[in-house]
Structure formats: C-alpha cells, structure tokens
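J.: pasting the sequence and the predicted coordinates here, then a few questions.
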Amino acid sequence: MNSRTNRGRSAGSRNGYAQNRSGHAQPRSGHAQPRSGRAQPRGSGGRRRAQPARGTKRRRLPLRYLLPLLLLVALMAMLMLRGYTHSEILADHRIRPPAGTGKVPEKILEGGPVIDTRGGHERTLSVPRHRLVLTFDDGPDPEWTPKVLDVLKKHHAHGVFFVTGTMASRYPGLVERMVDEGHEVGLHTFNHPDLSYQSDSRIDWELSQNQLALAGAAGIRTSLFRPPYSSFSDAMDDKSWPVTKYIGGRGYLTVVNNTDSEDWKRPGVAEIIRRATPKNGDGAVVLMHDSGGDRSQTVAALDTFLPGLRHEGYHFTNLTEALDAPSAHAPVSGIELWKGKAWVFLVGASEKITGVLVVALAVIGSLVLLRFGLMLLLSAVHARKVRRRGFRWGPDVTEPVSVLVPAYNEAKCIEATVRSLMSSDHPIEIIVIDDGSSDGTALIVEGLRLPNVRVVRQQNAGKPAALNRGIANARYDLIVMMDGDTVFEQSTVRELVQPFGDPRVGAVAGNAKVGNRDSLIGAWQHIEYVMGFNLDRRMYDMLGCMPTIPGAVGAFRRSALERVGGMSDDTLAEDTDITMAMHRDGWRVVYAEKARAWTEAPETVQQLWSQRYRWSYGTMQAIWKHRRSVIESGPSGRFGRVGMPLVSLFMVLAPLLAPLIDVFLLYGLVFGPTQKTIIAWLGVLAVQAVCAAYAFRLDRERMSHLISLPLQQILYRQLMYVVLLQSWITALTGGRLRWQKLRRTGVLGTPPSIPRQRTGSPDRRPVA
C-alpha cells in the first residue's frame, strides 16, 4: 500500500489533464462553490467539520462502529456457549476415590437400585421379577443413539435414557424421538461432574440446566436422576450419600443399577450379554451406554439380548411401568418451555457458527500457506530476473520527467520532499500542486527559489483533482507521482522510469519504505511494507496483475493516462483504481525494486486506523468499480479472471478471516489442548517469519526489526482486522467515508541510509 495525502470529493474534472496547461481547473458542473469565494478547509481532508450547536444532543455511536462491536460480542458468546456444551468450559473431570460407608443406612446399602429420599423418607425400590429396565447413559449420541433406538423399536422394547444436558442441547431431535417412541428420559447432569465434589448451588445448576435442555428438546421435565460415575446401591458411600439425600429433597428418584454390562470396556458381545443378564429370573435395572465412544458392541448385544431374554419370559419396560408408578415425565409450558426452546436454538446456532468458523479457519490456513508459497516462489523468480547481469527493460530512458507533488497542508514536510528531488541524477521538472493548503505550503516552496520547480495553486478539491491539474501542467510524457510527505533517493526517479524502455509498460510501482521506523508502531509498519507490500508486488508483477501503484512512488506514461481517463475520484483509492484501469486497457504494470521512496507512516494508533480504513474501503470500491472485468474479453478479461480474484482473496477476504487463527489460539490456550494450540500457532508464526526474513533479505534490510514480529501478529493484525471489518460494514450499510488529514511531524529530512550493496550487484546502473 502507499501513503496518501488528503482527498476530498473532487470538484475538478476527471479529465483535467486535457485543460489548458496554463489555465485553472474549472469546477465540475453542479458542484457548489464555497460561499466566501476562497478555499475552505473541509474536515481533515478538505471538508469543514460542522461544529455542533450548543445544547444539541451528543451523537450516537455510528452503526459502522456499533456493528463490529456487536458482532465481536456475539461471536465470543457463541464460542463460549459452544465450549460450555462441549464440556470445555466449567467442566470438572475429577473422580473421587471410594470412601467409608459408616453414614449410609444399612437398608440403602442392601436395598434396591431405586433410591427414594423425597419428603425426608429413606427407602429403596426394586424391579419385580422377570422385568428388565434397560438404561443408557451419557447420550444422546448422533451416531449410536439412533441405532440403539432402532433396535429397541425392532423388538418392541422400552428403556430409560439418562441424558447429559450437553448432549441433549446439541442433539434435541434425538431426545424428542426417545419421548415420542415411548421411552423415559432421566437426568445425568449437564456436564457430567462427580457431584460429591460440587457445592449445593452447582448441583442445582447441573439439574436445572439439564431440565432446561429437556424442555427445549421435548417439552418435558423428568423426576428420574442418575449420578455420574454411580454403580450399585452397595457402592453408596459417605461422600455420595449426602448428595443423594439432597437431590431427593429436590424431588428426584435416584436410579443406580443391579447389573452392569460394562459395555464401555468393549469386552465383546457375548460378555456384555452375560454381564447384563440377571440371575434366576430376578428383575433388574441394566446399565448400558449409548454414547462416549464406539458402541457397536452394545448395539449388536442388544439385538441378541432382547429376543433371548424375552424368550425366557422377561419384559422390557420403562422404570415407572415396572414399579407401577406414575410417569416420570411432566409436560412443560409457558415461560419455561420458551426458555428451553431458546436455549436449544442458541446452542444449535453456536454449533453451526463455530462449525463454519472451523471450516473458514481451514480455508484461511490453506490460503495463507498458498499465498506464502506463491510469494516465496515468484519473488525469487522476480529477483533473479531483474538482478541478473545484463538485464535491461529496453533502451535506457534518458528523457526528462515531470514529477508531480500534490500537497495539502504539508508545511512540515514539503521542503525536504522538494530538496530530495533536486538531488536527483535524472533530468526532471517538479510541479507542486497546492490543493488549498492553509498552512503556507505553497509559500514555502516558492520561497526556496529552486530552478525547475513550479507551484500550481487550486482550491481544495482532493488528490485526484490535484494530480489531474499537475498532469495538465506537465511538460513531459513520463510522469512521476509522489506524496508531499515523501523523500526520494538520488537515483529513485532514474530507476523508476527505466521500465518505460519497454513500450508495453504503462505504469511502474516503486519501492515505498517507512522512514520513521524507530517506534514500535513504525517498526510494525516497516515489516508490513517490506513483507506485505513489496514482496506482494514482486509476486503480482510476475503474475501480471499488480493491484496498486503506491501514491508515494509511481510513474506513468501520459498516453496511458489519457487512454484510461486520468485520475478518477470515483473511489478513495485512486492509486488502486488507476492501476486496475491500466491493466484493463492492456498496459503492463511492473515493479522497480531500486526506486526507493521514504515516506512518513502514521505514528499513532488513531492515525493508522484512519489511514488503513481509507485504504481498505477504497480498495473495495475499486474492486466493485472494475467488477465487469471478470466477464469481459481481451486484456480486461485476463486481469478480471486472474488479478481480481487474487486481489479480492488476498487483500479483502483472507485478512478478514485471518484473525480466526488468533481467536482459536486464545480459545485453545484457555479451554482447549494448550500444548497443541501453542505448537500450531508457533508453526504459523514460523512460516510468516521465514517469509519476512526472505523479504528483508531481498530488500537488504536489517533483520533486527523482525524482533517485533510476534507482537505484531498478536496486536497489529487485530487492528487491521477490525479496520477491514469496519470497511465491510461501511460498504454494506451504505456509509460514506470522509477523508482525514494525517498529522505530519516532518521527521524525514533526507533519505535514510541504505546498507552498502554487495560487490558485483551495484545499486546504480549508468544511463547513457
């Protein structure tokens, strides 16, 4: 990307280059003139900011700011909800070892599998002879629960499913099927913790959340409960017994078991049947599982177990039927029903959204790796091509060049800019177009009294109009454009125009560099310029679809500019707009790595935000403006079907999805497999570090600046993501972005020093 000066809504003609070179730019018809008849400062980009009247209400937060905030909060909520329903958040996986049984009544230890402590009573119930109550824990599971239900339906048997709230919330349709097919449903807590470790409030939470899931899934609540990690009645101990009494006080029957199939061990179908079969025709509550792993043996065992024991006179019924008691289910209505339905809906939404995010993460990961691979490969090819001995674009270009410097309130920088141009080793004329500055920018240039330097004044109309005015006043056919806060090296202009030795070249992009890189935010932008911009330009040059000629350092043929209509104010990224127009008109756009320009980058987060917001939004506008190139033929179609997808993918879509890496990093560090998460993130960082190091090597930059790369990836990328998201929302909501003038410090006096080039690879090439 490039550093840009102010741009307002241009009041000048798009084809300003066609005006009389000594005349003044005429305002476009229909544009209002300032009332005072002179240039008015307008905002920070040429528009006057309206001063709020006293007593007026404070402005509300704009929609383009509010929507990203709401979206971020919603995504965080969805991730947290997903983590909660997957037992990754607030889950407690501790299991207490067996304790003493001195506090457990003897009648409980020697009683039946149904423990009733409701109303202060303490008793147990047993299943009558030749009655079997099949119970299934830990479901519903999307793979195995339907198969278990199919087998039960096939053999006309009923059972009790003790479901966890996490699984019932995620698969409500299976709970509804259980109820519709006549089975009973019981609670197995929400997150499956060992309740002997939990407080009374946590126990109440586990039960209420489990009931909420049942209400949303099937419109019922239940009075049956089975504690996680429970076994037989005689396994009740001094830690689990108080929990059982407390739960009974809440109106629940606690159900353990008589026989344990131990199907979770997968001992084989025959062994599961043997362990599940009671002795001597006794009734029993049989423990099985329909979730928690591979339950193929359980399904196969049921298909044999049910007809076999029915042949022996057993009946397979629900628990309340076996005990000749009222149904454990009670319908839910009113607010409780709607709360349950809302819960199930939100859980389903979180599952779908996070599923999409996971897919998007895989896509963006592939895109990032693809882009890095292309950058490394094609950048190496480009460097080898332009650096080989004897490489020439064509005949040496020695003709004079017009250098245009559009300036708006550049008093702190303009002298350094002009003096850097005066040291050029290529013949040039310098045209400073003062776009209605109010700080004496034009007077400073005129006061220098330098040869071949002209000042053209106009009312504030924006950068495109200023450039068109400069083109109209330029004497030469090769035109270099730069920003008023940029300084050139002695050889920059010469290097920049050499590609015009190839008559197919219509525009050349130079090598824009950050001059104020000593601060942390400057170092981050330095990394971005070297790696993200210049390495990209090498790649796009080889692909023939460079998207942007930086406004800080670019060159054009006048004839190419005339054919595409000059600089346009249709977008906020006139540099991207003109570059795409050049491609569509059939011109080559190339990158000159030795044409270095040093620009002043934003020094505060607020200024950086404003700049990148304009860049992102302007790029989207340019893509939309040139969208028809995708379906056109000829050079326009070639660019549209190669360049436009790459630009859209790598400059708009991929950066928008890239922070998913950091979102899942944060989530994984807190709730997921921390070690694997760290390794994955370090792997991504290593790939980026390799690309950055290679880019720095190509540009012969010091590697010391890469020390801040990890921090840049954590902080800087998030800022760029929010900026891009805000640009998307501005575009989608039809918002109009106002330009803001960046505050200059004038820190660039002369071009920073460049490391000495290696022998045999001279930085300068003599021009005849």
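T.: Thanks, I have the structure now. Numbering: from 1, shown residues only.

J.: in contact with S327, which residues?
T.: When contacts are counted by C-beta atoms under 8 Å, 6 or more residues apart in numbering, S327 touches 184, 318, 320. For glycine as for every other residue, the C-beta is placed from the backbone atoms N, C-alpha and C.

J.: most neighbours, which of those residues?
T.: E184 (26 neighbours; other C-beta atoms under 10 Å).

J.: give me the distance between that residue and A218.
T.: E184 sits 11 Å away from A218, going by C-beta to C-beta, to the nearest Å.

J.: tell me which element the closest residue to T492 other than its chain neighbours falls in.
T.: Using C-beta to C-beta, 6 or more residues apart in numbering and skipping residues adjacent in sequence, the residue nearest T492 is A595, 5.0 Å away. With elements taken from DSSP states H and E, the one containing A595 is strand 588-599.

J.: note down every partner strand of that strand and its orientation.
T.: Here strand 588-599 is paired, per DSSP bridges, with strand 486-488 (antiparallel), strand 505-514 (parallel).

J.: and the first one, how far out from the chain middle?
T.: Right, the one you point to is strand 486-488. Its chain's C-alpha centre and that of strand 486-488 lie 35 Å apart, by C-alpha atoms, centre = their mean, to the nearest Å.

J.: pLDDT of the helix or strand just after it, averaged?
T.: Following strand 486-488 in sequence order, the next helix or strand is helix 492-497 (DSSP H and E). Helix 492-497 carries an average pLDDT of 96.

J.: next one: stretch 416-436
T.: Here the average pLDDT along stretch 416-436 is 94.

J.: in the stretch 601-750 of the chain, which spans are helices?
T.: Taking DSSP state H, counting those that start in this stretch as the criterion, the stretch 601-750 of the chain contains helices spanning 605-625, 634-648, 654-657, 660-670, 674-698, 709-711, 717-732.

J.: for those helices, give me CSV that also has mean pLDDT and mean neighbour count.
T.: Listed next are the helices of the stretch 601-750 of the chain as CSV, based on pLDDT from 0 to 100; neighbours: other C-beta atoms under 10 Å:
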stretch, mean pLDDT, mean neighbour count
helix 605-625, 85, 20
helix 634-648, 90, 18
helix 654-657, 71, 18
helix 660-670, 72, 17
helix 674-698, 83, 15
helix 709-711, 83, 15
helix 717-732, 73, 19
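
J.: select, out of those, the one closest to V255.
T.: Closest of the helices of the stretch 601-750 of the chain to V255 is helix 660-670, at 35.8 Å (criterion: C-beta to C-beta).

J.: got the angle between the closest one and helix 674-698?
T.: 140 degrees (axes from the mean of the first three to the mean of the last three C-alpha atoms, to 10 degrees).

J.: follow-up on the earlier one: of all the helices of the stretch 601-750 of the chain, which one comes closest to G173?
T.: helix 660-670 (27.2 Å).

J.: quick one: that closest one to chain centroid distance?
T.: For helix 660-670, the distance to the chain centre is 11 Å (C-alpha atoms, centre = their mean).

J.: re the thing from before, comparing the strands paired with strand 588-599, which comes out most buried?
T.: Neighbour counts (mean count of other C-beta atoms under 10 Å) averaged over each of those peak at strand 486-488, with a mean of 28.

J.: run a quick neighbour tally on the closest residue to G248 other than its chain neighbours.
T.: For G248, ignoring the flanking residues on the chain, the nearest one in space by C-beta to C-beta, 6+ apart is T117 at 2.8 Å. Using other C-beta under 10 Å, T117 is surrounded by 21 other residues.

J.: wait, doesn't T117 sit right on W241?
T.: No. Using C-beta atoms under 8 Å, T117 makes no contact with W241, being 9.3 Å away.

J.: any figure for the gap between the residue of the chain most remote from its centre and A512?
T.: Taking C-alpha atoms, centre = their mean, the residue of the chain most remote from its mean C-alpha position is N280, at 63.8 Å. Distance, N280 to A512, by C-beta to C-beta: 90 Å.

J.: packing partners of the one helix or strand G348 maps to?
T.: Taking DSSP H and E as the definition, one finds G348 inside helix 334-387. Applying 3 or more C-beta pairs under 8 Å, 6 or more residues apart in numbering; DSSP states H and E, one finds that helix 334-387 contacts helix 63-85, helix 165-170, helix 200-218, helix 535-543, strand 588-599, helix 654-657, helix 660-670, helix 674-698.

J.: figure out how far the third one is from the centre of its chain.
T.: In this view, helix 200-218 has its centroid 34 Å away from the chain centroid, taken as C-alpha atoms, centre = their mean.

J.: now it: buried residues?
T.: For helix 200-218, the buried set under the neighbour-count rule, 16 or more other C-beta atoms under 10 Å, comprises 202-203, 205-207, 209-218.

J.: rewinding a little: CA atoms only for the strand holding A595, dumped as PDB, please.
T.: What follows is strand 588-599, C-alpha atoms only, in PDB (Å, rounded to 0.1, in the frame of the first residue of the first chain):
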ATOM      1  CA  ARG A 588       1.900  -3.800 -18.300                       C
ATOM      2  CA  VAL A 589       2.400  -2.600 -14.700                       C
ATOM      3  CA  VAL A 590       5.800  -3.600 -13.200                       C
ATOM      4  CA  TYR A 591       7.700  -3.200 -10.000                       C
ATOM      5  CA  ALA A 592      11.100  -1.300  -9.800                       C
ATOM      6  CA  GLU A 593      12.700  -2.500  -6.600                       C
ATOM      7  CA  LYS A 594      15.500   0.000  -6.700                       C
ATOM      8  CA  ALA A 595      13.300   3.000  -7.000                       C
ATOM      9  CA  ARG A 596      13.100   3.600  -3.300                       C
ATOM     10  CA  ALA A 597      11.000   6.300  -1.600                       C
ATOM     11  CA  TRP A 598      10.900   7.000   2.100                       C
ATOM     12  CA  THR A 599       7.500   8.000   3.500                       C
END
